[in-house]
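A.B. asks: what's the 3D shape of this:
(one chain, ligands or ions: 1)
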Amino acid sequence: MSTNPLLHALKARLGARRLARLRTAKRRALGLLLGNDLIALAKLHGTDKWSTHWYAQHYARHFLPLRRQRVNLLEIGVGGYNDPHAGGMSLRMWKDYFRRGRIHGLDVYDKSPLEEARIRIFRGSQNDPDCLRRVAREIGRLDIVIDDGSHINAHVITSFDTLFPLLAEGGIYVIEDTQTSYWPEYGGSSTRFDGPHTLLGRIKSLVESVNYEEIIRPGVAPSHFDQHVVRLEFCHNMAFVYKGRNGEGSTVLEGNAWPADRATRRYDDVATPKDAACTAAR
Ligand SMILES: C[S@@+](CC[C@H](N)C(=O)[O-])C[C@H]1O[C@@H](n2cnc3c(N)ncnc32)[C@H](O)[C@@H]1O
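C.D. replies: Below is the predicted model of the structure:
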């Protein structure tokens, strides 16, 4: 309750509904003013992407080139859990940031009361590939996917394996709260880091996709991930996976095989002499 009696009387006169509408209008006006400052927008909308976590700074760097484009963004995890009226903070932040974008949410709980112009919310589980495919089909072109849902390793991997192939070239797939990759309570592990069953094990394996043209394995057909994962970035508790066309060609290999005319050439033959004098001052 307000301590200022005048303000309190004014609020009482306005009534809860009009007050809520005024607050929304104020938030919208501020959102317009803060437009390109993602950290300020995160604070304005109260998402934990800039409080408990420090993700907004990384998003700002990665999303800036897309800001003015008509992006279709899907965020898994709307927030507020089983309260249909709670959550939606990050969706509203994205709406203010991507002025021409269409923002979509997916949550296991019904979040339809949070829908508004340019914000659409689907209900379903991120662990259900059929549902994910239907959501992607309804959205159409998918430019950005953000996984901020259950953070259960198996769910995160299912969502990634289903949605990354449906992402547009030039798109970005982001996974938040990757720390659960280390937590057995979420299906992670603090002792085995590279297995395919932890989410970071899965995403780290994509380093071999980025560089698949340099791997000697004649006759092995490249996967969709090999052909389309062009860049990875890991920050504290989050990962960015960029989609594009991975086809620059190997520096030496031909069709993932060592060329016949270089078959006898080994590293020792081309390495610099071991006794080369160092020219730097001692
Ligand atoms: C941390 S909150 C999301 C916060 C929001 N993205 C933000 O930044 O403001 C996580 C949400 O994921 C939802 N969730 C949990 N399990 C899910 C699943 N299997 N599929 C989709 N959403 C799920 C929860 O209901 C909850 O609302």
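A.B. asks: near the ligand, which residues of this structure show up?
C.D. replies: The chain comes close to the ligand at residues 47-49, 75-81, 87, 89-90, 106-109, 125-127, 148-150, 155, as judged by C-beta under 6 Å from any ligand atom. Every residue, glycine included, has its C-beta placed from N, CA and C.
A.B. asks: Buried by neighbour count, from those residues: which ones?
C.D. replies: Burial by neighbour count, judged by 16 or more other C-beta atoms under 10 Å, picks out 47, 49, 75-80, 87, 89-90, 106-109, 125-127, 148-150, 155 from those.
A.B. asks: residues contacting the residue in the stretch 151-282 of the chain that the ligand sits nearest to?
C.D. replies: Residue of the stretch 151-282 of the chain nearest the ligand, by C-beta to the nearest ligand atom: His155 (5.3 Å). By C-beta atoms under 8 Å, 6 or more residues apart in numbering, His155 lies in contact with Ser125, Gln126, Asn127, Gly149.
A.B. asks: That one and Asp147: what is the separation?
C.D. replies: Distance, His155 to Asp147, by C-beta to C-beta, to the nearest Å: 9 Å.
A.B. asks: and if you look at Leu199?
C.D. replies: Computed as C-beta to C-beta, the Leu199 to Asp147 distance reads 9 Å.
A.B. asks: tell me, what's touching these two both at once?
C.D. replies: Contact criterion C-beta under 8 Å, 6+ apart; residues shared by Leu199 and Asp147: Val156, Phe160, Ile175.
A.B. asks: which of those residues lies closest to Asn211?
C.D. replies: Using C-beta to C-beta, Phe160 is the member of the shared contacts of Leu199 and Asp147 that lies nearest Asn211, at 19.2 Å.
A.B. asks: just the strands in the stretch 1-150 of the chain please.
C.D. replies: With DSSP state E, counting those that start in this stretch applied, the stretch 1-150 of the chain shows strands at 72-76, 102-107, 119-123, 144-147, listed in chain order.
A.B. asks: One more: the stretch 151-282 of the chain?
C.D. replies: Assigned by DSSP E, counting those that start in this stretch, the strands in the stretch 151-282 of the chain fall at 172-176, 229-235, 238-243.
A.B. asks: Please enumerate the helices of the stretch 101-250 of the chain.
C.D. replies: Using DSSP state H, counting those that start in this stretch, the helices found in the stretch 101-250 of the chain span residues 129-139, 153-163, 199-204, 207-210, 224-228.
A.B. asks: longest helix in the protein, by residue count?
C.D. replies: Secondary structure assigned by DSSP state H gives helix 5-34 as the longest helix of the chain.
A.B. asks: Once you drop chain neighbours, what's closest to the residue nearest the centre of the chain?
C.D. replies: By C-alpha atoms, centre = their mean, the chain has its centre lying nearest to Val174, at 1.3 Å. In space, and not counting its chain neighbours, Val174 is closest to Ile146: 4.7 Å by C-beta to C-beta, 6 or more residues apart in numbering.
A.B. asks: bridging residues for that neighbour?
C.D. replies: Counting by DSSP bridges, Ile146 forms beta bridges with Glu75, Val174.
A.B. asks: neighbours around Leu66, how many?
C.D. replies: A count of nearby residues for Leu66, using other C-beta atoms under 10 Å, gives 18.
A.B. asks: Show the pLDDT at it.
C.D. replies: According to the prediction, Leu66 has pLDDT 97.
A.B. asks: got any residues that touch both of His155 and Asp147?
C.D. replies: Jointly contacting His155 and Asp147 under the rule C-beta under 8 Å, 6+ apart are Gln126.
A.B. asks: Contacts only, for Trp94.
C.D. replies: Applying C-beta under 8 Å, 6+ apart to Trp94 gives the contacts Leu73, Glu75, Gly101, Ile103.
A.B. asks: As TSV, those with distance to Arg23 and pLDDT would be great.
C.D. replies: Converted to TSV, the contacts of Trp94 look like this (distance: C-beta to C-beta, whole Å; pLDDT from 0 to 100):
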residue	distance to Arg23	pLDDT
Leu73	25	98
Glu75	23	98
Gly101	23	98
Ile103	20	98
